[in-house]
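>>> Can you look at this prediction? I've put the sequence above it.
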Amino acid sequence: MPELPEVETLRRQLEAAVRGRTIADVWIDPGTDRLVQGMPVRAFVDGLRGRRLEAFERRGKFLIIRLDRDLTWLAHRRMSGNFILANGGDADQAFLRARFTLDDGRELRWVDLRKFGTMWLTDEPETVLAGLGPEPLDGAFTVDGLRASLARRAAPVKAVLLDQAVVAGLGNLYADEALHYARIHPKRPAKSLSKAEVARLRDGISRALEQGLANLGSSIGAAPGKEMSLRDHVNLDGEPGSNQEHIVAYGREGEPCLTCGTPIERIKLAQRSAHFCPKCQRLPRASAGRTGRRA
Ligand SMILES: [Zn+2]
């Protein structure tokens, strides 16, 4: 599932490959009933046709494409949305949901197995992006700011990190990685973290995301012994990222912790899973039974 590093990698690749091009034509699979948000599909298609791709930005997990005429095209990849750049004559990918033909004949293809991906065309992008918390790789993402957000929440810190209002762009994978780097148990009540722990967590978040970026994102199915799925993240060229080779916690249930050798455990937490090392990420006794108290 694409998170900040996967969306940011896509943004950089799009900017390098198609900035300045114009959208010549648009096709949307009539079977996708939720891809286009906030307007009829017809209006989306007509509105995009002829527009120039002026700049590529990102906020949290949202891809933001600035167009001429003060229009903005936003895309959220959700579970399995991928943009792939193809030549006009190339065979269609399985689960092709939309095709954006450029003025040079190349095509931006939206491929989305699960069909949860969403797009908007708007002159008020801030309404779509409202409520997002700080960007975790910005200087504005401070220990004090994160601490203030966590202090208001008794829920497990892992669940709170997934709240896009607390920090924008984290999902299940990088939250598990960040907590492991910070040596914090995912079930710790958010408000029980000390200032030193919040500082470790902030650093852990940066480390996990920077590593994901350096490796062009995580494509779990491309790991040794696994099988690539059409659900996996691929980059603009259709190729997987390589961050799955550097993951320390997420999806490593039963495998040895890279620090201490203890098998990584997996627990259910807020309808998701959390992966952690029970030795490096201990749960203090007071946190196990009561919330908001530390030993
Ligand atoms: Zn360990």
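That came through, no problem. Residues are numbered from 1 along each chain as shown.
>>> Check Cys226 and give its pLDDT.
Careful, residue 226 is Lys; it's not Cys. Here the pLDDT value assigned to Lys226 is 85.
>>> Look up how far the ion lies from the nearest residue to it once chain neighbours are set aside.
The shortest distance from Lys226 to any non-neighbouring residue, by C-beta to C-beta, 6 or more residues apart in numbering, is to Ile220 (6.6 Å). All C-beta spots, glycine's among them, are computed from the backbone N, C-alpha and C. Using C-beta to the ion, to the nearest Å, one obtains 21 Å as the distance from Ile220 to the ion.
>>> From what I see, Arg77 and Pro2 are in contact.
Yes - under the criterion of C-beta atoms under 8 Å, Arg77 is in contact with Pro2, at a separation of 4.2 Å.
>>> Show me which of the two is the more surrounded one.
Set side by side, Arg77 and Pro2 give different neighbour counts by other C-beta atoms under 10 Å, the larger being at Pro2 (27 against 23).
>>> Can you name the residues that contact that one?
Listed by C-beta atoms under 8 Å, 6 or more residues apart in numbering, the contact set of Pro2 reads Leu10, Lys61, Arg77, Arg78, Gly81, Gly171, Gly217, His233.
>>> So Val45 is in contact with Ile28, correct?
Yes - with contact defined as C-beta under 8 Å, Val45 reaches Ile28; the gap is 6.3 Å.
>>> what's the lengthiest helix in the chain in contact with?
Determined from DSSP state H, the single longest helix within the chain is helix 195-214. Surrounding helix 195-214, the residues in contact under the criterion C-beta under 8 Å, 6+ apart are 3-6, 8-9, 136-137, 141-143, 146-147, 150, 157, 161, 167, 169-170, 174, 177-184, 193, 218, 241, 243, 246.
>>> Which helix or strand contains Arg97?
Using DSSP states H and E, the element containing Arg97 is strand 96-102.
>>> At which residues are the helices of this protein located?
Listed in chain order (using DSSP H), the helices of the chain are 4-18, 41-48, 125-129, 143-151, 157-161, 172-182, 195-214, 285-289.
>>> Give me the average confidence score over the second one.
Averaging pLDDT along helix 41-48 yields 98.
>>> Quick one: distance of that helix to the chain centre.
Helix 41-48 sits 26 Å away from the centroid of its parent chain (C-alpha atoms, centre = their mean, to the nearest Å).
>>> Show me what that helix is packed against.
Packing partners of helix 41-48 (3 or more C-beta pairs under 8 Å, 6 or more residues apart in numbering; DSSP states H and E): strand 23-28, strand 118-122.
>>> Repeat that for the third one.
Using 3+ C-beta pairs under 8 Å, 6+ apart as the contact test, the elements touching helix 125-129 are strand 62-67, strand 72-76.
>>> Residues of the protein that sit close to the ion?
Listed as neighbours of the ion in the chain under the rule C-beta under 5 Å from the ion: Cys257, Thr259, Cys260, Thr262, Cys277, Lys279, Cys280.
>>> my guess is Leu10 contacts Leu63, does it?
Yes - because the distance of 6.4 Å satisfies C-beta under 8 Å, Leu10 is recorded as touching Leu63.
>>> Now Leu99: closest residue in space, sequence neighbours ignored.
Wrong residue type there; residue 99 is Arg, not Leu. Spatial nearest neighbour of Arg99, excluding adjacent residues (C-beta to C-beta, 6+ apart): Trp27 at 4.4 Å.
>>> Great, nothing more from me.
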